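Student: Next come a sequence and a model predicted from it.
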Amino acid sequence: MKSDLEIAKNIREIENLKVEILGKLYNLLKSFVDAGEEDAILDSIVDILIYTYLLGDKIGYRFEEIDEAFTKKLKSLIVDKNFDVEYNFSELLKYVKSRKRE
């Protein structure tokens, strides 16, 4: 059984990851406003992906589970096609599947 100290540490780490994600999202949105911040935009997108995976891991999901859920969600979005804007879910799914073969 986990001690109270371990549980408190896990809660603190989860909260820190959530704060990191929000901070990275803020940076991303700010980069859109600031002219000439192309590198900052990409950096923020990558940071959000990294911290999201780490949060999922911290709360008990394996990286493989996250990938599988991601793929399943993409397939569902491709079938749904209930969007006002055209998103390239199919191309993203193709890319994700090609990465798994590497």
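Tutor: Yep, that arrived. Numbers count the residues shown, from 1 in each chain.
Student: three-state assignment of residue 72?
Tutor: helix (DSSP: H, G, I helix; E, B strand; the rest coil).
Student: cool, the one 4 residues further on as well?
Tutor: Three-state secondary structure (criterion: three-state DSSP) places residue 76 in helix.
Student: That one - how many residues pack around it?
Tutor: The tally of other residues near residue 76 (other Cβ atoms under 10 Å) stands at 10. (C-beta placed from N, C-alpha, C; glycine too.)
Student: need the contact list for it.
Tutor: For residue 76, no contacting residues are found, by Cβ atoms under 8 Å, 6 or more residues apart in numbering.
Student: got any ranges where this protein has weak pLDDT?
Tutor: 1-2, 36, 84, 101-102 (pLDDT under 70).
Student: where along it do the strands fall?
Tutor: Remark: no strands are assigned in the chain by DSSP state E.
Student: Domain parsing of the protein, as residue ranges.
Tutor: 1-61, 62-102 (automatic domain parsing).
Student: looking at those, which is buried most?
Tutor: Among these, ranked by average contacts under mean count of other Cβ atoms under 10 Å, first place goes to domain 1-61 (a mean of 13).
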